[in-house]
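Visitor: sharing a model that was predicted from the sequence below.
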Amino acid sequence: MADDAIKAKLDKIYAAHFPDVKAVVACERLSGGASQETYRITVETDAGNVPHAMRRSPGGVIVEDVVGHPGLATEARLMQVARSAGVPEPEVYHVLTPEDDLGDGFIMQWIEGEALGARINRSDAFAGLRPRLAYACGEIMARIHSIDLDDSGLRDRLDEVSPEQFVRQTWERYQALETPQPMIDYAALWLLDNLPENFTPSLVHNDFRNGNFMVSPDEIVAVLDWELAHIGDPMRDLGWICVNSWRFGNTDPVGGFGSYEDLFRGYESVTGQPVDIDAVKFWEVFGSFWWSVGCLGMAEHYRNGPDKTVERPAIGRRSSECQVDCINLLMPGAVDLIQVDDQPSDVDMPRAEELITSVRDFLRQDVMSETSGRTNFMARVASNSLDIVLREWQLGELTKQQELAGLASLLGESGDLSSLRWQLVQQLRSGERSLADESLQTHLRNTVVSQIAIDQPKYTGFKQALKKA
């Protein structure tokens, strides 16, 4: 539906429900928002032109709001309830009805602010905010978790998900991919052995992290993206914001900008109850485990789905980042990292790696300097993928030989890499191989860290893994 057609329908909505609005001046769809559409609506009032925002379902369809999959009407209700509880949220002005003929959605207050995690962590504009940000996140999470599920009507709208359900659902998704990744199985089994038990089921945002809230230079001005909310262990939110993937290259554990201690103090200042630190660690491990599986899913989408963009296989290679984060959380220790001397061949002219380098540099320098938007972003992704190819060219075969030798020693058998990996995976799943086996842990450390040396040696988790315990 064109913006003009949407504007015509908005004219009727505003005439019927917004007595202070004289006219709808403009309606513009914004970029981004893969799961929902977002629009900026400009309206005329006695005080001048004012921006509003509209969030609606893709294509303006009506989506049934079922338990476990909260739709936009429930998302609007979540924002209203959270705002009443002191959580920074835009005011929801109107929830769309079937008579509005715009599909599911709602119209809300327009909020100015920054939501990009890397900018929040690095921009000078937020230098004064960052030292206070982890504490503020803790306070806001506590207010979310204190919302009464019955008084708010949310208990009947949201699914309740236990820690065990989360782990088993994620592990099942990974197993369906039929790729042997022993560290993922190890993490799943560790999680099942360490499930949180002593918690009061509460409203959980489920995606509260750096990049999903908006800030001004002074404070958090809005918590975004409520579509994954559920009822469960409140420590889920505290663990998720600490996952290394959401630190944007920084080392501070809370979103890349703060400390555990500040996050916990902020939370406890509202609840008056101590944070369950063991449960927070569980959910931090779970977050890396969950995203490691999600990355592999992206690679599967590339192989079998219609959307064969250059971005999907690149994200697939990020699974090793999450796996090394699990290594650092569960079994830090010494690593036997492969070292190679670069001895270029004098036979091939030019060498294959020189051809790849020339293409990478063309993308990174020429294409990126002449493009913007999505094309510019994809050129960056493509050049990074070629970096992976170059490192695999140098290290890949030696890495596989090291892993094969480690598996043969661990299992006491010979075979090809795939079959021995599967054998180790089956031993883990059956319980035949103990998670406490030090030789197993050594093998997993060497294998995962060697793989990320190929996939992303600039990742902070890789650098942390090389600091011997």
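Guide: Thanks, I have the structure now. Residues are numbered from 1 along each chain as shown.
Visitor: CA atoms for contacts and neighbours, from now on please.
Guide: Fine.
Visitor: list the residues that contact the nearest residue to residue 416 once chain neighbours are set aside.
Guide: Distances taken as Cα to Cα, 6 or more residues apart in numbering place residue 404 nearest to residue 416, at 7.4 Å, with adjacent residues excluded. Listed by Cα atoms under 8 Å, 6 or more residues apart in numbering, the contact partners of residue 404 are 416-417, 420.
Visitor: residue 126: which of these is nearest?
Guide: Using Cα to Cα, residue 417 comes nearest to residue 126 of the contacts of residue 404, at 48.7 Å.
Visitor: per-residue pLDDT of residue 311, please?
Guide: At residue 311, the pLDDT value in this model is 89.
Visitor: would you map the strands across the chain?
Guide: Remark: strands assigned in the chain by DSSP state E are 21-29, 37-45, 48-56, 92-95, 105-109, 202-204, 213-215, 220-223, 230-232.
Visitor: which one of these lies closest to residue 160?
Guide: strand 230-232 (4.4 Å).
Visitor: for the closest one, packing partners?
Guide: With contacts taken as 3 or more Cα pairs under 8 Å, 6 or more residues apart in numbering; DSSP states H and E, strand 230-232 sits against strand 202-204.
Visitor: what are the pairing partners of the strand it packs on, and which direction each?
Guide: strand 230-232 (antiparallel) (DSSP bridges).
Visitor: where does the protein have low pLDDT?
Guide: Scanning the chain for pLDDT under 70 picks out the ranges 1-2, 31-35, 63-69, 341-348, 468-469.
Visitor: which one's the longest helix in it?
Guide: helix 373-411 (DSSP state H).
Visitor: now for the nearest residue to residue 400 once chain neighbours are set aside, how many residues are close by?
Guide: Distances taken as Cα to Cα, 6+ apart place residue 417 nearest to residue 400, at 7.6 Å, with adjacent residues excluded. By the criterion of other Cα atoms under 10 Å, residue 417 has 16 neighbours.
Visitor: cool, residue 112 as well?
Guide: Around residue 112 there are 11 other residues, counting by other Cα under 10 Å.
Visitor: ok, now how distant is it from residue 391?
Guide: According to Cα to Cα, to the nearest Å, residue 112 stands 42 Å off from residue 391.
Visitor: and the closest residue to residue 420 other than its chain neighbours, what does it touch?
Guide: Closest residue in space to residue 420, ignoring its immediate chain neighbours: residue 407 at 6.4 Å, by Cα to Cα, 6+ apart. Taking Cα under 8 Å, 6+ apart, we find residue 407 in contact with 420-421, 424, 443.
Visitor: cool, residue 246 as well?
Guide: 117, 209-211, 255-256.
Visitor: right, and the pair among those residues with maximum separation?
Guide: 211 and 256 (11.0 Å).
Visitor: neighbour-wise, which of the two wins?
Guide: Per other Cα under 10 Å, whichever of residue 211 and residue 256 has more neighbours is residue 256, with 26 against 23.
Visitor: got a list of what the nearest residue to that one once chain neighbours are set aside touches?
Guide: In space, and not counting its chain neighbours, residue 256 is closest to residue 247: 3.8 Å by Cα to Cα, 6+ apart. With contacts defined as Cα under 8 Å, 6+ apart, the neighbours of residue 247 are 117, 210, 253-257.
Visitor: go through those residues and single out the one with the most neighbours.
Guide: Each of these was scored by neighbours using other Cα under 10 Å; the highest score is residue 255's, at 30 neighbours.
Visitor: ok, that residue touching residue 241?
Guide: Yes. Contact status for residue 255 versus residue 241: in contact at 5.7 Å, counting by Cα atoms under 8 Å.
Visitor: can you check which residues contact both of those two?
Guide: Joint contacts of residue 255 and residue 241 (Cα under 8 Å, 6+ apart) are 209-210.
Visitor: buried stuff in stretch 192-211?
Guide: Neighbour-count burial for stretch 192-211, counted by 16 or more other Cα atoms under 10 Å, picks out 195-196, 201-211.
Visitor: I misspoke; the intended subject was stretch 163-183.
Guide: Those would be 163-164, 167, 170-171, 174, 180-183, for stretch 163-183 by 16+ other Cα under 10 Å.
Visitor: likewise for stretch 10-22?
Guide: Going by neighbour count (16+ other Cα under 10 Å), the buried part of stretch 10-22 is 10-11, 13-14, 21-22.
Visitor: stretch 261-276 now?
Guide: Buried residues in stretch 261-276, defined by neighbour count with 16+ other Cα under 10 Å: 262-268, 271, 275.
Visitor: which residue, other than its chain neighbours, is closest to residue 418?
Guide: Per Cα to Cα, 6+ apart, closest to residue 418 is residue 180, 7.6 Å.
Visitor: so what touches stretch 300-312?
Guide: Contacts of stretch 300-312 with the rest of the structure, by Cα under 8 Å, 6+ apart, involve 177, 298-299, 313, 378, 381-382.
Visitor: the same query, at a cut-off of 7 Å, please.
Guide: With contacts defined as Cα atoms under 7 Å, 6 or more residues apart in numbering, stretch 300-312 is touched by 298-299, 313, 378, 381-382.
Visitor: start to end distance for that stretch?
Guide: Distance between the two ends of stretch 300-312: 9 Å, counting by Cα to Cα.
Visitor: any buried residues in it, and which?
Guide: Result for stretch 300-312 [16+ other Cα under 10 Å]: buried residues 301-302, 311-312.
Visitor: about what we covered before: and the contacts of stretch 300-312 as a markdown table, adding neighbour count and distance to residue 232?
Guide: Below are those laid out as a markdown table (neighbours: other Cα atoms under 10 Å; distance: Cα to Cα, whole Å):
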| residue | neighbour count | distance to residue 232 |
| --- | --- | --- |
| 298 | 21 | 27 |
| 299 | 22 | 30 |
| 313 | 22 | 33 |
| 378 | 17 | 37 |
| 381 | 20 | 36 |
| 382 | 21 | 39 |
